[in-house]
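K.L.:
Mind looking at a prediction? Sequence and model below.
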Protein chains: 2
Amino acid sequence: MDEPGGITQNFLRHGRGVHLRGAGSGPVARGARARAAEASLARSGAALAYGQVEGPPGLRHALARRITAREHVAATAADVLVTGGNSQGLEQVLTVFSEPGDVVLVESPTYNLALGIVRDHPVDIVGVPLDADGLDVAALEARLEEFASAGRRARLLYTIPTYHNPTGICLSARDASASSSWPGVTTDRGRGRRLPRARVRGLRAAVALAMDREAPVIRLGSFSKTLAPGLRVGWANARADLLQRLAGMGMLESGGGVSYFARTWSSRCWPRRATTSTWSCCAGSTRGAATRSPPRCKSASPPGAASPSGGRLLRVARTPGGGDAAALLPLAEARGVSFAPGARFCLEGGELRLRLAFSLYGEDALREGARRLAAALAAMPA
Amino acid sequence: MDEPGGITQNFLRHGRGVHLRGAGSGPVARGARARAAEASLARSGAALAYGQVEGPPGLRHALARRITAREHVAATAADVLVTGGNSQGLEQVLTVFSEPGDVVLVESPTYNLALGIVRDHPVDIVGVPLDADGLDVAALEARLEEFASAGRRARLLYTIPTYHNPTGICLSARDASASSSWPGVTTDRGRGRRLPRARVRGLRAAVALAMDREAPVIRLGSFSKTLAPGLRVGWANARADLLQRLAGMGMLESGGGVSYFARTWSSRCWPRRATTSTWSCCAGSTRGAATRSPPRCKSASPPGAASPSGGRLLRVARTPGGGDAAALLPLAEARGVSFAPGARFCLEGGELRLRLAFSLYGEDALREGARRLAAALAAMPA
């Protein structure tokens, strides 16, 4: 068993003088977890039986209320589909909405695990760069023009508009909508294409945008960071007809595809758990980490980017002197500190960058981590 | 929420004078379920954290021991991958092992939900008929010859060698191996192709067979019928290198893809639960149902097929006088009895057939169900 959050290659190893903040117990207290499990199992075993493909109605209603209230996107339960987490949600979107040879656009860098999921499908993956405000909308427009000229079709765009992983950037307010409808901006150029924009508040989830004529957006969210990653439960929020296509996937027909027990449990633990505390907490750590960056390591966020205001990952740092982050990793790990090399997040390049996952640590631990990473950098061959 | 087993279109509706055998509680008693949940949650929340992609080591070891002892297939934990149930397992096999345009062979009729899963992939689905002993091996050979002549490749065969759904047939002992190695028969014809054969005892699971040069078999199993369908937990049993390819799927990289809590819970409730009792129980019901078939409905199993010796579904019956089963369904449901129309299980045809899911009922309920179905048949237009 990994230590909590092991998949994210946390900045510091547990033990060796480093204490994780709230490690082990997760955001839901042990007593509450057990009570939720007991309650989920109490009703004649319904949580263990076959369930509705779309998810437990109570959880879908609760999610819709939250999305409406917090993300300023009008939603009803019909606009919410419970998924097996963001990874399974993205897998479903690709299976249902892409065809062999389609172009799928991704930000580069982007969430490394999303790249692995897209690569499992017979599609062409094309990168779109970021600028200081997030997705480079002009570059995206140019890519779309290229494909249109070549008679090809960009079917999907996978984008993370807020607290982007790995950079921490939020799509700027310049591109964010003041409207209460879908989080998208209509470009001036023809054919009604819509580009993603985010409500900077609330929308932390990954978004997949179908580049169809009507360009609907499918927003993916997860309980992994706010409730428990081992549940593998998340949701998709989109127009009901799109969700019905996702729900029609063969894999889900056999009683829902996702652990119905885990989904029922989620609906009992949530929304009592306020997620804002997690995020403001992270923002505090970000500032802490930023002020104590290793001396030879500089920020490599796009010029002009603001410090991340939230999220769980420090914005991407850059190794000094052109050193390859992959070569730095064993030196760092020997000193009890870790990171994810940047190349994992990029379609090409990224070797000079590293993603630091900081959110489990207090300021003292981050100071110690910065000291260790500086020692690892000092040990790199010139 | 459906009634338990609703996805299988049970023969009789709960209520209306019909009592389900063990309905609601499922095979695991409520107290044991709750204790397993508490124990799963007790260890510092490990069951809620990210987990190993391959599944909890304890569950994989237990499954390997059982497969070795009961199915006479030598297995270690490395040969077992925990999946999100058979549906997700088959989805994973198709995503990893098929390419656009590949031929995927299925028995026709076959498990209707498997057809939906295969249809989500850009492959050509080709049916192979059954004979009295299960998969028609000669017909399969002929199909493979056709594809070889046309320069095409049959990539996968999806087959259910024992207690076939919907027919209940077990692949005959003639084709079953006496060997203790993989459940496959080598044909006499060139290129080392291997065809599936089953241990009639033990192997109840669906099997996907890759038609590669080395023709490995991936055997899929599930806890849905023996523990709880709402868990969505199952397993794949195959050569370790094949399972590593499945485990390398992008969707699973984020901590395992399947609810780690559900998997941990499964490992605590199982293998204390003896599954044989479920199956012998079903075999008893089959005999009960067979002796009380509706008077105008005759068995449509292939000529010479033995009565099913187990499984949870009556072998396929046939409507009299060429009546379409889909037209019979509303008449039956109005009388509180149901079935799955045969066309759902077939690539083509099957309109005259119906699958009766009987295993939740005792003999009295089955007698009542036969009476109601006979009334529905009598009400059909000539």
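P.N.:
Received the coordinates, thanks.
K.L.:
Hmm, A:Gly84 is touching B:Ser87, no?
P.N.:
No: counting by Cβ atoms under 8 Å, A:Gly84 sits too far from B:Ser87 to count as a contact (11.5 Å). C-beta coordinates here come from the backbone N, C-alpha and C atoms, glycine included.
K.L.:
count of neighbours near the residue nearest to A:Ala247 when sequence neighbours are not counted?
P.N.:
Counting by Cβ to Cβ, 6 or more residues apart in numbering or on different chains, A:Ala247 lies nearest to A:Val53, which is 4.8 Å off, once chain neighbours are set aside. Other residues within reach of A:Val53, judged by other Cβ atoms under 10 Å in any protein chain shown, total 21.
K.L.:
Could you pull up the mean pLDDT of the helix or strand harbouring A:Ile218?
P.N.:
Element membership for A:Ile218 (DSSP states H and E) is strand A:217-222. Summarised as a single mean, pLDDT over strand A:217-222 is 80.
K.L.:
Briefly note if that strand comes near chain B.
P.N.:
No: using Cβ under 8 Å from any Cβ of the partner chain, strand A:217-222 stays clear of chain B, with a minimum separation of 9.1 Å.
K.L.:
list the helices and strands that strand packs on?
P.N.:
When contacts are defined as 3 or more Cβ pairs under 8 Å, 6 or more residues apart in numbering or on different chains; DSSP states H and E, strand A:217-222 packs onto helix A:85-97, strand A:207-210, strand A:234-237.
K.L.:
Give me the next element, helix or strand, following the first one.
P.N.:
Read it as helix A:85-97. strand A:103-107.
K.L.:
pretty sure A:Ala114 is touching A:Tyr158, no?
P.N.:
Yes: using Cβ under 8 Å, A:Ala114 is in contact with A:Tyr158, at 5.8 Å.
K.L.:
shaky segments in the stretch 51-200 of chain A?
P.N.:
Residue ranges of the stretch 51-200 of chain A with pLDDT under 70: A:51, A:71-72, A:170-200.
K.L.:
how about the helices of it, start to end?
P.N.:
Using DSSP state H, counting those that start in this stretch, the helices of the stretch 51-200 of chain A run over residues A:57-71, A:85-97, A:112-119, A:137-149.
K.L.:
Quick one: closest of these to B:Ala139.
P.N.:
helix A:85-97 (30.4 Å; Cβ to Cβ).
K.L.:
quick one on the thing from earlier: what would the helices and strands packed on strand A:217-222 look like in TSV with mean neighbour count and distance to chain B?
P.N.:
Shown next, in TSV, are the helices and strands packed on strand A:217-222 (neighbours: other Cβ atoms under 10 Å in any protein chain shown; distance: least, Cβ to the nearest Cβ, whole Å):
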stretch	mean neighbour count	distance to chain B
helix A:85-97	25	4
strand A:207-210	24	14
strand A:234-237	26	10
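K.L.:
Of all these, which one is nearest B:Leu329?
P.N.:
Taking these one by one with Cβ to Cβ, helix A:85-97 is closest: 27.8 Å.
K.L.:
can you dump the C-alpha coordinates of that closest one into PDB?
P.N.:
This file holds the C-alpha atoms of helix A:85-97, laid out as PDB (Å, rounded to 0.1, in the frame of the first residue of the first chain):
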ATOM      1  CA  GLY A  85     -13.800   8.900 -10.900                       C
ATOM      2  CA  ASN A  86     -12.200  11.300 -13.400                       C
ATOM      3  CA  SER A  87     -10.100   8.600 -14.900                       C
ATOM      4  CA  GLN A  88     -13.100   6.400 -15.700                       C
ATOM      5  CA  GLY A  89     -15.100   9.400 -16.700                       C
ATOM      6  CA  LEU A  90     -12.500  10.500 -19.300                       C
ATOM      7  CA  GLU A  91     -12.200   6.900 -20.500                       C
ATOM      8  CA  GLN A  92     -16.000   6.800 -21.000                       C
ATOM      9  CA  VAL A  93     -16.000  10.100 -22.900                       C
ATOM     10  CA  LEU A  94     -13.300   8.900 -25.300                       C
ATOM     11  CA  THR A  95     -15.000   5.500 -25.800                       C
ATOM     12  CA  VAL A  96     -18.400   7.100 -26.600                       C
ATOM     13  CA  PHE A  97     -17.400  10.300 -28.300                       C
END
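K.L.:
Just confirm A:Val104 contacts A:Ile117, I think it does.
P.N.:
No: with contact defined as Cβ under 8 Å, A:Val104 does not count as touching A:Ile117 (10.3 Å).
K.L.:
Tell me the residue of the stretch 201-350 of chain A that sits nearest chain B?
P.N.:
A:Gly250 (3.1 Å; Cβ to the nearest Cβ).
K.L.:
Next, count neighbours for that residue.
P.N.:
Around A:Gly250 there are 22 residues (other Cβ under 10 Å).
K.L.:
OK, contacts around it?
P.N.:
For A:Gly250, the contact set (Cβ atoms under 8 Å, 6 or more residues apart in numbering or on different chains) comprises B:Ser87, B:Glu91, B:Leu113, B:Ala114, B:Leu115, B:Gly116, B:Ile117, B:Val118, B:Arg119, B:Asp120.
K.L.:
For chain A, tell me which of those residues show up nearby.
P.N.:
Counting by Cβ under 8 Å from any Cβ, the members of these near chain A are B:Ser87, B:Glu91, B:Leu113, B:Ala114, B:Leu115, B:Gly116, B:Ile117, B:Val118, B:Arg119, B:Asp120.
K.L.:
need the contact list for the fourth one.
P.N.:
Going back to what we said before, that points to B:Ala114. B:Ala114 touches A:Gly250, B:Ser87, B:Leu90, B:Val106, B:Tyr158, B:Ala206, counting by Cβ under 8 Å, 6+ apart.
K.L.:
now swap in the third one and tell me
P.N.:
Counting by Cβ under 8 Å, 6+ apart, B:Leu113 touches A:Gly250, A:Glu253, A:Ser254, B:Ser87.
K.L.:
Quick check: the second one touching A:Ala247?
P.N.:
No: under the criterion of Cβ under 8 Å, A:Glu253 lies out of contact with A:Ala247, with a separation of 9.1 Å.
K.L.:
any common contacting residues for those two?
P.N.:
Here A:Glu253 and A:Ala247 have A:Val53 as joint contacts, going by Cβ under 8 Å, 6+ apart.
K.L.:
Surely A:Leu252 is in a helix?
P.N.:
Yes: counting by DSSP: H, G, I helix; E, B strand; the rest coil, one finds A:Leu252 located in a helix.
K.L.:
Let me see the confidence value for it.
P.N.:
pLDDT at A:Leu252 comes out at 84.
K.L.:
ok, now which ones touch it?
P.N.:
A:Leu252 neighbours (Cβ under 8 Å, 6+ apart): A:Val53, A:Gln92, A:Leu246, A:Val258, B:Ser87.
K.L.:
could you dump the residues you listed to a markdown table with distance to B:Glu146?
P.N.:
Converted to a markdown table, those look like this (distance: Cβ to Cβ, whole Å):
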| residue | distance to B:Glu146 |
| --- | --- |
| A:Val53 | 37 |
| A:Gln92 | 34 |
| A:Leu246 | 36 |
| A:Val258 | 39 |
| B:Ser87 | 30 |
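K.L.:
Out of those residues, which comes closest to B:Leu377?
P.N.:
Once Cβ to Cβ is applied, the member of the contacts of A:Leu252 that ends up nearest B:Leu377 is A:Val53, at 31.5 Å.
K.L.:
for chain B, what are the nearby residues on the stretch 51-200 of chain A?
P.N.:
A:51-52, A:84-88, A:90-91, A:95-96, A:99-100, A:113-122.
K.L.:
how near is A:Val96 to A:Leu220?
P.N.:
Separation of A:Val96 from A:Leu220 (Cβ to Cβ, to the nearest Å) stands at 13 Å.
K.L.:
repeat for A:Leu94
P.N.:
Taken as Cβ to Cβ, the span from A:Leu94 to A:Leu220 is 12 Å.
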